[in-house]
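Trainee: sequence unavailable; structure follows:
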């Protein structure tokens with residue numbers, strides 16, 4: 001299959017590109033930098049140089065690539081800038097979908113998140129509504145997710161991957177990542193918020209598999225949603241940080257996600273079944 005991979009040089013795209021090529025797909029990776037284009041070519045992919053915010057150029061390179069499917073793994077969190085990431089979800093996704101439609105693309109797989117669901121006491125399933133009534137501190141992020149997913153649904157065949165929190169090398173939850181630094185500085189608090197994780201390699205494998213899945217959202221996370229009082233001490237120990245402070249409070253939306261659709265109906269199984277072992281395996 002001819003694949004146009006947006007976000008090909010990001011931390012997930014760098015893992016996804018060789019997986020796609022190993023499966024026999026022809027990959028064109030989107031990048032803004034000529035230096036990154038050389039890295040893509042060295043992996044066996046073609047390179048398309050364009051900015052996702054330049055719709056005319058983006059449309060041109062997608063048409064040249066003539067993909068059968070687009071994989072959307074665009075993020076902008078390198079500097080921890082959540083506003084920039086919302087913009088790429090809203091505006092970048094809109095441009096990518098418009099370019100794909102103009103090129104006649106019929107299938108898209110897109111990155112979303114598994115913590116935008118409305119509050120509840122059980123892990124959220126794909127039928128749980130997004131938290132569109134969230135308060136001001138959260139509403140912008142949820143709105144960006146909703147806009148991304150609404151745009152993606154305009155492609156005839158679409159899969160939205162609602163990922164748990166990424167961990168593994170080069171992520172925030174790695175030994176030299178942002179959260180490890182905060183843990184070693186004693187800045188993290190183990191509260192009752194429930195989180196679902198997914199190893200970054202499992203996340204990449206799910207994107208490859210999703211090229212064959214039926215349309216719809218899919219939670220991609222490991223088997224063990226857990227409160228911070230359980231997972232954060234394990235994470236701290238794995239990165240050489242002192243035990244975290246404890247708290248009892250929980251946000252209602254911090255409920256974790258249920259992965260049974262992916263496991264039981266789509267034949268996707270994470271190689272790291274739980275963060276308990278995954279943190280130490282990296």
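Mentor: Good, I have the coordinates. None of the values given here were measured: they were computed from a predicted structure.

Trainee: surely residue 107 meets residue 70?
Mentor: Yes - with contact taken as CB atoms under 8 Å, residue 107 and residue 70 are classed as touching, separated by 7.4 Å. C-beta: built from backbone N, CA, C; applies to glycine.

Trainee: okay, and the common contacts of those two?
Mentor: Here residue 107 and residue 70 have residue 155 as joint contacts, going by CB atoms under 8 Å, 6 or more residues apart in numbering.

Trainee: which one's more surrounded, these two?
Mentor: Taking neighbours as other CB atoms under 10 Å, residue 107 and residue 70 compare with residue 70 leading, 27 against 21.

Trainee: that one and residue 6: what is the separation?
Mentor: Summarising the geometry, the distance separating residue 70 from residue 6, computed by CB to CB, to the nearest Å, is 7 Å.

Trainee: shared neighbours of the two, anything?
Mentor: In contact with both residue 70 and residue 6: residue 96, using CB under 8 Å, 6+ apart.

Trainee: past the longest helix anywhere in the chain, which element shows up next along the chain?
Mentor: Counting by DSSP state H, the longest helix found in the chain is helix 136-152. Scanning the chain past helix 136-152 towards its C-terminal end, the next helix or strand to appear is strand 157-163 (assignment: DSSP states H and E).

Trainee: for residue 126, which non-adjacent residue is spatially closest?
Mentor: Closest residue in space to residue 126, ignoring its immediate chain neighbours: residue 217 at 4.7 Å, by CB to CB, 6 or more residues apart in numbering.

Trainee: so the one you found touches residue 148, yeah?
Mentor: No - look at residue 217 against residue 148 with CB under 8 Å: they stay out of range, at 11.1 Å.

Trainee: shared neighbours of the two, anything?
Mentor: A shared contact of residue 217 and residue 148, defined by CB under 8 Å, 6+ apart, is any residue touching both; here these are 112, 160.

Trainee: which of those two has more neighbours?
Mentor: A side-by-side neighbour count of residue 217 and residue 148, using other CB under 10 Å, places residue 148 first with 27 against 22.

Trainee: OK, contacts around that one?
Mentor: Contacts were defined as CB under 8 Å, 6+ apart; by that measure residue 148 touches 89-90, 93, 110, 112, 160.

Trainee: just the closest of those residues to residue 1, please.
Mentor: Sorting the contacts of residue 148 by distance to residue 1 puts residue 110 at the head of the list, at 16.4 Å, by CB to CB.

Trainee: which ones are touching the closest one?
Mentor: Taking CB under 8 Å, 6+ apart as the criterion, residue 110 is in contact with 71-72, 93, 148-149, 152, 158-161.

Trainee: and the contacts of residue 148, which two are furthest apart?
Mentor: Going by CB to CB, the two entries of these that are most distant from one another are 90 and 160, at 14.9 Å.

Trainee: okay, the two: which has more neighbours?
Mentor: Here residue 90 and residue 160 are set side by side on neighbour count (other CB under 10 Å), and the busier one is residue 160, at 25 against 18.

Trainee: any idea what that one is bridged to?
Mentor: Per DSSP bridges, residues listed as beta-bridge partners of residue 160: residue 110, residue 217.

Trainee: do I have it right that it meets residue 219?
Mentor: No - contact status for residue 160 versus residue 219: not in contact, 10.0 Å apart, counting by CB under 8 Å.

Trainee: list the buried residues of the worst-scoring helix or strand of the chain on mean pLDDT.
Mentor: For the chain, using mean pLDDT, DSSP states H and E, the weakest element among its helices and strands is helix 275-281, scoring a mean of 85. By neighbour count with 16 or more other CB atoms under 10 Å, helix 275-281 contains the buried residues 275-276, 278-279.
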